[in-house]
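Novice: Okay, here's the prediction I keep looking at, along with the sequence it came from:
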Amino acid sequence: MKTFQFLLMVVISLAITACAKPVVTDATSQVKSSMESSWVDEKLATLSLEDKVGEMTQLSIDVLAEGQPYNLVEPFTFNEEKLKNVLVDLRVGSILNCGGHAYTRDEWKHIITTIQEYAMMKESKIPVIYGIDAIHGTNYTMESTLFPQELSTACTWDPEFARQCAEVTAYETRASGIPWSFSPVLDAGRDARWPRLWETYGEDIHLIKKMGVAYVEGLQGDNIGATDKVACTMKHFLGYSTPMRGKDRMPVYIHERQLKEYVIPPFQAAVDAGANSIMICSGEMNGIPVHADEKILKDLLRDEMGFTGVAVTDWEDIGYLVSRHRVAKDFKEAIGQAINAGIDMAMVPMDTKFPVLLKELVEEGVVPMSRIDESVGRILQMKKDLGLFENPVPDFNAYDKFASDEFAQMSYEAAKESMVLLENKNNALPLDGSTLGNILVTGPNANTLTCLNGGWTRTWQGTDPKWDTPGKWSILDAIKAEHGEANVTYTDGSDIGNTKSSAANADAVIVVLGETPYTEKPGDIDDITLPQDQLDLVKGLKDEGKPIILIMIEGRPRLINDIVDIPDAIMVGFLPGEESARAISDILFGKANPSGKLPITYPKFPNDIITYDHKGTDLAHRDFSMNGFNPQWEFGHGLSYTTFDYSNLRMSQEKITSNGSITIQVDVTNNGTRKGKEVVQLYIADKVASVTPCVKRLRGFDKVAIAPGATETVSFTITPQDLAFVGRENEWITEAGEFEVMIGDLKGMFEVE
Ligand code: BGC
């Protein structure tokens, strides 16, 4: 039992990622940065104010094309007058997006080449930097490799899949002539209702950091100038993902302590990993739109976190300071607020007045020249680091691995490990294809590719099957290929009576439910429960008495408490991507053993949305018991076709000092008959703390492959810094006292002195 007199206040501001830290530079990097800054200074000296404000402007490709913004002429056609006005006269330094849908690599070649040709017509000859949302692969290039979305990747609990996704994305994005991606999302997915939950790595900060850093490293490598690397964009800084109403871009209120402990750390970890750019959060936090918050954009991001790269706005967010947030009376005032707060580049994205008004603001003394030079310096540095000055247009012939089988196989492996088996009564799965006759495959998500991929797939919302990659499978296609077309009956489930008749003639029913694609605002919902017609389908099928396998394909956990006892097995995929149908079929028929685990808490009730790392008072139930934590499935849950036994939890010592460490080990035995992978999860609970401690926190994890009958020893090394929390003074501290270790069903204790 600890006493507060003995609290060891380990202020760890130098040691852990989430706090203020001086920028440490070694001799080599000092030489490098002074060389670079002199290059930037020399370059800046050659630029006029018009050149500079142009560099800070990012416009959508819509403004260069025939047609109207959001409604371009098909096929995409450049308008020469607009090209000249935007790229030469206004000297706009960055273009983004795709004008409505994905293009072939040939079309991208034409687009990028044309844009850079015009950029070379302006006096400064600074190349344009093109940015794109390459979210789960290079989704705006036709036929590119599409991976599981972030939440689905997090279900693998293996950061190598995040790295591989990023590596292939970087390669295929460069292969499309584009050097800058607006990913990864590093917002924590801690509200199941939020329509961008599937764009996150889930609810746990440790898991997000591991996944996020692997992704950043995969995208950027050691050198973003390499022909197969791109600059990443951490987004959306800061406090985007937990709006009070669970809907996109609504007010967020976060106390400084929560901000430090749950929101900043993934961004800090990515900054430390060298992330090159950051996108600012569209929302307002504690009553201040982040785009106009100097405390966040300068004091925190630059001075405390040490970020030196480019800060770009989110879509139209300077304009929204006027129209939505109402903190500025007009666009010009909004520009002044945002740029003075620390924005480097405005994703305007349609209004060509931005550079004109920014120039006026500088001439009128509202925005200091030093602020402009700082931003333009960062942008120039990024363009230089990307190699754009030497090669504004890549060699499009140099990418023979684009959309290769090798990349598709990587996506398949990731999808396979991302599927989470939630229930499996009496080993209903795997199905024995050799003895099973007819299978009914039904449900709205059974015969679609768009639902497996989700938003940001060929189009922003990803809803239109017209853009599906030819030859890629739906779940129905994969089951037919496995079990024989003649042995599979399909209905979409909309006619329950007809579907029940089909079920009566089948030996088993595979019902595929969930969500249709969406992202951002269009994904807002008023009820997190799975739509009634889908629940009714399962209830109707129950009458037929056949084994029911439920597969949920969704971007967030839609509640199914009403029907959860009906299916014999339940599996979920949080948008597992283009290759996932085969992965799902392989799991269903036992060719693959599921190993995914939930990276979120799956709620049971709409008014009980909670994370695993809740507080003690969250346990209080209306019956005065402490049984108030009652999710459908817990964070970290996921079944396998084999079983794992945990034994022999041991620790290197009973006590650790403030600068010591402890090694925690456990033996994990595969006591089934088939090989499998287990995610060993280390949770630690601070028994008593000066700020109410969480019931437990994930402090380590390791995914291990174990042969049948074999035992693997898994080790974790924990330091007091790993146990830190943000204390009463809003500083990171570790307090002395007892800590409980939990791995599987085993528990132990150690003490920090
Ligand atoms: C989204 C960003 C995205 C940007 C550019 C915004 O609406 O919030 O995540 O990167 O658009 O497409």
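Specialist: On my side now, so go ahead.

Novice: Could you list the alpha-carbon positions for stretch 654-671 in PDB?
Specialist: What follows is stretch 654-671, C-alpha atoms only, in PDB (Å, rounded to 0.1, in the frame of the first residue of the first chain):
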ATOM      1  CA  GLU A 654       9.400  -7.700  -6.800                       C
ATOM      2  CA  LYS A 655      10.400  -4.000  -6.800                       C
ATOM      3  CA  ILE A 656      11.800  -1.500  -9.200                       C
ATOM      4  CA  THR A 657      13.400   1.800  -8.700                       C
ATOM      5  CA  SER A 658      12.700   4.900 -10.600                       C
ATOM      6  CA  ASN A 659      15.500   4.200 -13.100                       C
ATOM      7  CA  GLY A 660      15.100   0.500 -13.100                       C
ATOM      8  CA  SER A 661      13.000  -2.000 -15.100                       C
ATOM      9  CA  ILE A 662      11.200  -5.200 -14.700                       C
ATOM     10  CA  THR A 663      11.000  -8.200 -17.000                       C
ATOM     11  CA  ILE A 664       7.600  -9.900 -17.000                       C
ATOM     12  CA  GLN A 665       7.400 -13.300 -18.600                       C
ATOM     13  CA  VAL A 666       4.600 -15.800 -19.300                       C
ATOM     14  CA  ASP A 667       4.500 -19.200 -21.000                       C
ATOM     15  CA  VAL A 668       1.800 -19.700 -23.600                       C
ATOM     16  CA  THR A 669       1.000 -23.200 -24.700                       C
ATOM     17  CA  ASN A 670      -1.000 -24.100 -27.800                       C
ATOM     18  CA  ASN A 671      -3.000 -27.000 -26.400                       C
END
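
Novice: Write out the residues of the protein neighbouring the ligand.
Specialist: The chain comes close to the ligand at residues Asn97, Asp133, Phe182, Lys235, Met279, Ser282, Asp314, Trp315, Glu520, as judged by Cβ under 6 Å from any ligand atom. Any C-beta I mention is one placed from the backbone N, CA and C, and that applies to glycine too.

Novice: Inside strands: which ones of these?
Specialist: Those of the residues of the chain next to the ligand mapping onto strands are Lys235, Met279, per DSSP state E.

Novice: so what's Ile372 up against?
Specialist: Leu49, Lys52, Val53, Met56, Ile339, Leu358, Val362 (Cβ atoms under 8 Å, 6 or more residues apart in numbering).

Novice: doesn't it fall inside a strand?
Specialist: No. Under DSSP: H, G, I helix; E, B strand; the rest coil, Ile372 falls outside any strand and is assigned helix.

Novice: before we move on, back to that, of the contacts of Ile372, which pair is most distant in space?
Specialist: Leu49 and Ile339 (13.2 Å; Cβ to Cβ).

Novice: Between these two, which is the more surrounded one?
Specialist: When neighbours are counted by other Cβ atoms under 10 Å, Ile339 comes out ahead of the other of Leu49 and Ile339, with 27 against 14.

Novice: Need the per-residue pLDDT for Asp26.
Specialist: On the pLDDT scale, Asp26 is placed at 37.

Novice: Now, of the contacts of Ile372, which are buried?
Specialist: Buried subset of those (neighbour count, 16 or more other Cβ atoms under 10 Å): Lys52, Val53, Met56, Ile339, Leu358, Val362.

Novice: between these, which is closest to the ligand?
Specialist: Met56 (16.8 Å; Cβ to the nearest ligand atom).

Novice: That closest one contacts Asp344, doesn't it?
Specialist: Yes. With contact defined as Cβ atoms under 8 Å, Met56 counts as touching Asp344 (6.5 Å).

Novice: Please enumerate the shared neighbours of these two.
Specialist: Common neighbours of Met56 and Asp344, using Cβ under 8 Å, 6+ apart, are Ser375, Ile379.

Novice: quick one: Leu151 is in a strand?
Specialist: No. Secondary structure assignment (three-state DSSP) places Leu151 in helix, not in a strand.

Novice: Could you measure from the nearest residue to Ala707 once chain neighbours are set aside over to Ser595?
Specialist: Leaving out its chain neighbours, the residue that sits closest to Ala707 by Cβ to Cβ, 6 or more residues apart in numbering is Lys675, at 5.1 Å. From Lys675 across to Ser595, the span is 10 Å (Cβ to Cβ, to the nearest Å).

Novice: of the two, who's got more company?
Specialist: Between Lys675 and Ser595, counted using other Cβ under 10 Å, the more crowded position is Ser595 (28 against 16).

Novice: Tell me who's in contact with the residue nearest in space to the middle of the chain.
Specialist: Nearest to the mean C-alpha position of the chain, counting by Cα atoms, centre = their mean, stands Thr200 at 3.3 Å. By Cβ under 8 Å, 6+ apart, the residues touching Thr200 are Glu150, Leu151, Ala154, Val185, Leu186, Asp187, Ala188, Gly189, Ile208, Ser241.

Novice: Low-confidence bits of the chain, can you list those?
Specialist: By pLDDT under 70, the low-scoring segments of the chain are 1-36.

Novice: Tell me how it divides into domains.
Specialist: Under the assignment automatic domain parsing, the domains of the chain span 3-10+55-395, 405-617, 642-752.

Novice: Give me the distance between the last one and the centre of its chain.
Specialist: To tie it back to what came earlier, the one meant is domain 642-752. Distance of domain 642-752 from the chain centroid (Cα atoms, centre = their mean, to the nearest Å) equals 25 Å.

Novice: And for the first one?
Specialist: Mean-position distance between domain 3-10+55-395 and its chain equals 14 Å (Cα atoms, centre = their mean).

Novice: Sticking with Met571, tell me its helix or strand.
Specialist: Assigned by DSSP states H and E, Met571 belongs to strand 569-573.

Novice: so what strands line up beside that strand?
Specialist: Here strand 569-573 has these sheet partners by DSSP bridges: strand 420-424 (antiparallel), strand 548-553 (parallel).

Novice: so which of the ones you listed is the most packed in?
Specialist: strand 548-553 (a mean of 25; mean count of other Cβ atoms under 10 Å).

Novice: quick one on the thing from earlier: out of the contacts of Thr200, which are inside helices?
Specialist: Glu150, Leu151, Ala154, Ile208 (DSSP state H).

Novice: from what I can see Gly202 touches Ile600, true?
Specialist: Yes. Using Cβ under 8 Å, Gly202 is in contact with Ile600, at 4.9 Å.

Novice: how deep is Met279 tucked in, by neighbour count?
Specialist: If we define neighbours as other Cβ under 10 Å, then Met279 has 24 of them.

Novice: Could you tell me which residues make contact with it?
Specialist: Applying Cβ under 8 Å, 6+ apart to Met279 gives the contacts Phe182, Thr233, Met234, Lys235, His236, Phe237, Ala311, Val312, Thr313, Asp314, Met347.

Novice: check contacts around the last one.
Specialist: Contacts for Met347 were tallied using Cβ under 8 Å, 6+ apart; they are Gln58, Leu96, Met279, Val312, Thr313, Asp314, Trp315, Glu316, Asp317.

Novice: And Phe354, how close does it get to the ligand?
Specialist: According to Cβ to the nearest ligand atom, to the nearest Å, Phe354 stands 16 Å off from the ligand.

Novice: still on that earlier bit, out of the contacts of Met347, give me the one that has the most neighbours.
Specialist: Going by other Cβ under 10 Å, Asp317 tops those with 29 neighbours.

Novice: what's near enough to touch it?
Specialist: Asp317 makes contact with Ile280, Ser282, Pro289, His291, Ala338, Met347, according to Cβ under 8 Å, 6+ apart.

Novice: Fine, thanks again, bye for now.
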